[in-house]
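Chemist: sequence first, then the predicted structure, then my questions.
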Amino acid sequence: MAILASLDLTSWLVLIPSLLIFGHILYYFIDPHRIRSYPGPFLARFSDVWLGRVAAHGHRSEVVHELHQKYGTFVRLAPNHLSIADPDALQLVYAHGNGSTKSNFYDAFVSIQRGLFNTRSRPEHARKRKIVSHIFSQKSVLEFEPNVRLYVGQLIQQWDRLCDAGAKGLSGDEGEGGWKGQNGRVWLDCLPWYNYLAFDIIGDLAFGSPFGMLQACQDAAPVAVSQKQAMASYGGQECEVTHIPAVQILNDRGNYSASMGVLPPWIRPLVKQIPWYKKGNKAVKTLAGIAVAAVARRLTTPSDRTDLLGKLQEGRDDDGNLMSREELTAEALTQLIAGSDTTSNSSCAITYHLAHNPHVQRKLQKELDDALGTDDDPVSTFEQVKRLPYLQAVIDEALRIHSTSGIGLPRLVPEGGLTVFGRYFPEGTVLSVPTFTIHRDQAVWGEDVEAFRPERWFEQDKVEIQKAFNPFSFGPRSCVGRNLANMELLIIISSILRRYDFVLQDPDKHFDTLEGFLRKPVECIVGIKKRA
Ligand code: HEM
């Protein structure tokens, strides 16, 4: 102790990094997770910094995919984290009954309190999942169809207006995402429009009223001016609201949490001080404010409308208890986060691939015309489109190739360890199976994995491809909103493609993405015109 007390600042500045480096090297040689022999980037053997940097740069799935191409099935991503690129590993790592839990990666996603998505305790997750899962049954989700169709109709109204103006050669302002008329089409970035659509749908369902983004043609969501205001409204007082860019905030939050989550917990409070992370941390808090304001508004003005929030309010656990106000807010926020940009990024990717492949677009339009030809309503019903094979193949093929959720979702090996392909991994090891790479497994999908080709869904062995198709993950933590997502995508894509013809502004340009937790398109500029 006396020696430590006598050290000056310079000695500390040398001692602390030396101890850190020594600690990491020692950890490597002790190898508590028995993964030292697996290949991977040099720095990843000793430190989480390698994965932290890769995650922050926004191309994690691509980088991990290249490593698997170089090293094979097993790649070490961090001192305690092994990535396994084999479709059969999905069952072993994520399945019901193997006892694995979400790793501490998910702690970086917590705001208000843990919700269904970031709860790590198995019993707590089982309790929440039981309350929530029946809300997303196919039967229950059908009750939300009118809400979905309402906003798809609003998007069509807006695009009809822009198409008419575009055909006259007019151009719009930045407020509407910036659009211009040329060559009989309106040219616009379809990504923000899909964001407005997805946020309005989920705002309506999870918070009881839409954000109004489609009407306002901008990224603006109502939020309480202060936490105090929002809390006062719980007591029945009026809540003063302002507007914030929720889509942008959700983006920042995903980027922040996904790169913070791969760092060791002890370093996270320090990293939060770096300006980029500080911005993300603020985004987490602001986003929670949106939920607080929306749920407060709903609780002060009870309603008998059919929506997710109403169903969550009625949900009871096994002991017959309703959710507390705080838990309800956390779960409503979970639905907003999980059910908004997942859908909009996927819709944008589907539109890109259709515009990039005109023959696929025409084939899909023919299927839609044959099935819906005489119907005047521009918005399809789920009943009309739920069994159109080419439409489903187009959606599935885009979900495969784009992989909105592309990273290997990290799972913690439980007590007693886990054996994968005859290899034993002790408790505490983190395992993940990278969806982006599984979606490019040539043994399953064929040699042309990088081609967007819906026809493959009719050619390949159905059981094999379903085993390797992982857009919604597997097991107890798979997407609870899958039925809703599927209904949304079927209605959105069928309605939009039946009405409009799409071309890309620059067909040779790479479809750029930036990955936080999700693989998000950067933009997708398309020329749209109404079909004759
Ligand atoms: C195309 C759209 C969608 C995709 C690709 C997608 C994908 C996923 C994936 C891969 C997971 C697992 C995440 C993990 O383990 O870390 C997940 C979980 C989840 N999803 Fe989705 N999702 C979509 C739409 C939705 C929608 C519309 C909702 C609800 C409104 C939703 C609600 C959830 C929830 C609550 C979880 C956490 C489930 C749990 O841990 O028990 N998702 N989703």
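Modeler: Received the coordinates, thanks. Residues are numbered from 1 along each chain as shown.

Chemist: which of the three states applies to the one residue in the stretch 1-150 of the chain that gets nearest to the ligand?
Modeler: Among all residues of the stretch 1-150 of the chain, residue 117 sits closest to the ligand, at 4.0 Å; criterion: C-beta to the nearest ligand atom. Backbone N, C-alpha and C define where each C-beta goes, glycine included. The three-state assignment at residue 117 reads coil, by DSSP: H, G, I helix; E, B strand; the rest coil.

Chemist: now the helices: where do they sit in the stretch 301-450 of the chain?
Modeler: For the stretch 301-450 of the chain, the helices defined by DSSP state H, counting those that start in this stretch occupy 308-314, 325-339, 341-356, 358-372, 382-385, 389-402, 435-438, 442-445.

Chemist: how many residues are close by the residue of the stretch 1-150 of the chain closest to the ligand?
Modeler: 21 (other C-beta atoms under 10 Å).

Chemist: that one - nearest residue in space that isn't next to it in sequence?
Modeler: residue 334 (5.1 Å; C-beta to C-beta, 6 or more residues apart in numbering).

Chemist: same question, residue 343
Modeler: residue 198 is the one closest to residue 343 (C-beta to C-beta, 6+ apart), at 4.3 Å.

Chemist: residues in contact with that neighbour?
Modeler: Residues counted as contacts of residue 198 (C-beta atoms under 8 Å, 6 or more residues apart in numbering) are 339, 340, 341, 343, 344, 347, 488.

Chemist: kindly recompute the last result at 10 Å.
Modeler: By C-beta atoms under 10 Å, 6 or more residues apart in numbering, residue 198 lies in contact with 151, 213, 247, 336, 339-348, 485, 488, 492.

Chemist: for residue 328, same thing?
Modeler: So residue 328 contacts 291, 295, 298, 299, 309, 312, 313, 315, 322 (C-beta under 10 Å, 6+ apart).

Chemist: the worst-scoring helix or strand of the chain on mean pLDDT: what's the following helix or strand?
Modeler: Using mean pLDDT, DSSP states H and E, the weakest-scoring helix or strand in the chain turns out to be helix 227-234, at a mean of 57. Next in sequence after helix 227-234, counting helices and strands by DSSP states H and E, comes strand 241-244.

Chemist: taking the centroid of the chain, which residue is nearest it?
Modeler: Taking C-alpha atoms, centre = their mean as the criterion, residue 342 is the residue nearest the geometric centre of the chain, at 4.0 Å.

Chemist: how many residues are close by the residue of the stretch 301-450 of the chain found nearest the ligand?
Modeler: Ranked by C-beta to the nearest ligand atom, the top residue of the stretch 301-450 of the chain for proximity to the ligand is residue 339, at 2.5 Å. Neighbours of residue 339 under the rule other C-beta under 10 Å: 23.

Chemist: quick one: contacts for the closest residue to it other than its chain neighbours?
Modeler: Distances taken as C-beta to C-beta, 6+ apart put residue 202 closest to residue 339, at 4.6 Å, once the chain neighbours are dropped. Counting by C-beta under 10 Å, 6+ apart, residue 202 makes contact with 147-148, 151, 210-211, 308, 332, 335-344, 481, 484, 488.

Chemist: buried residues in the helix or strand hosting residue 202?
Modeler: Per DSSP H and E, residue 202 falls inside helix 190-207. Neighbour counts over helix 190-207 (16 or more other C-beta atoms under 10 Å) mark 190-207 as buried.

Chemist: got the residues of the stretch 151-300 of the chain near the ligand?
Modeler: The stretch 151-300 of the chain comes close to the ligand at residues residue 202, as judged by C-beta under 6 Å from any ligand atom.

Chemist: where does the stretch 151-300 of the chain have low pLDDT?
Modeler: Confidence mapping of the stretch 151-300 of the chain against pLDDT under 70 gives the ranges 174-175, 224-239.

Chemist: in it, what residue lies closest to the ligand?
Modeler: Closest point on the stretch 151-300 of the chain to the ligand, by C-beta to the nearest ligand atom, is residue 202, at 5.9 Å.

Chemist: follow-up on the earlier one: my guess is the residue nearest to residue 117 meets residue 128, correct?
Modeler: Yes. Residue 334 lies in contact with residue 128 (C-beta atoms under 10 Å); the separation is 9.1 Å.

Chemist: which residues do these two both contact?
Modeler: 114, 115, 116, 117, 119, 480.

Chemist: tell me the pLDDT at the fourth one?
Modeler: The one in question is residue 117. If you check residue 117, the pLDDT there is 96.

Chemist: contacts only, for it.
Modeler: Counting by C-beta under 10 Å, 6+ apart, residue 117 has contacts 102, 106, 109-110, 125, 128, 330-331, 333-335, 337-338, 477, 479-480.

Chemist: got the end-to-end distance for stretch 33-48?
Modeler: 14 Å (C-alpha to C-alpha, to the nearest Å).

Chemist: starting at the chain centroid, how far to that stretch?
Modeler: 28 Å (C-alpha atoms, centre = their mean, to the nearest Å).

Chemist: show me which residues of that stretch are buried.
Modeler: 33, 35, 38, 40, 41, 44, 45, 46, 47, 48.

Chemist: so what's the residue count around the residue nearest to residue 196 when sequence neighbours are not counted?
Modeler: Excluding the flanking residues, the one nearest residue 196 by C-beta to C-beta, 6+ apart is residue 213, at 3.7 Å. Burial of residue 213 is recorded as 25 neighbouring residues (other C-beta under 10 Å).

Chemist: my guess is residue 213 contacts residue 176, does it?
Modeler: No. The pair residue 213 / residue 176 is not scored as a contact, 11.3 Å apart, by C-beta under 10 Å.

Chemist: for those two, list the residues in contact with both.
Modeler: 192, 193.

Chemist: which stretches of the stretch 51-200 of the chain form strands?
Modeler: 74-78, 81-84, 101-102, 180-182, 185-189 (DSSP state E, counting those that start in this stretch).

Chemist: quick one: stretch 392-402 to chain centroid distance?
Modeler: 16 Å.

Chemist: can I get that stretch as CSV, trimmed to CA atoms?
Modeler: This file holds the C-alpha atoms of stretch 392-402, laid out as CSV (Å, rounded to 0.1, in the frame of the first residue of the first chain):
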residue,chain,number,x,y,z
GLN,A,392,-43.5,-14.3,-50.8
ALA,A,393,-40.4,-15.4,-52.7
VAL,A,394,-39.4,-11.8,-53.5
ILE,A,395,-39.8,-10.8,-49.8
ASP,A,396,-37.9,-13.8,-48.5
GLU,A,397,-35.1,-13.4,-51.1
ALA,A,398,-34.6,-9.7,-50.2
LEU,A,399,-34.6,-10.6,-46.4
ARG,A,400,-32.0,-13.2,-47.2
ILE,A,401,-29.7,-11.1,-49.3
HIS,A,402,-30.0,-7.9,-47.3
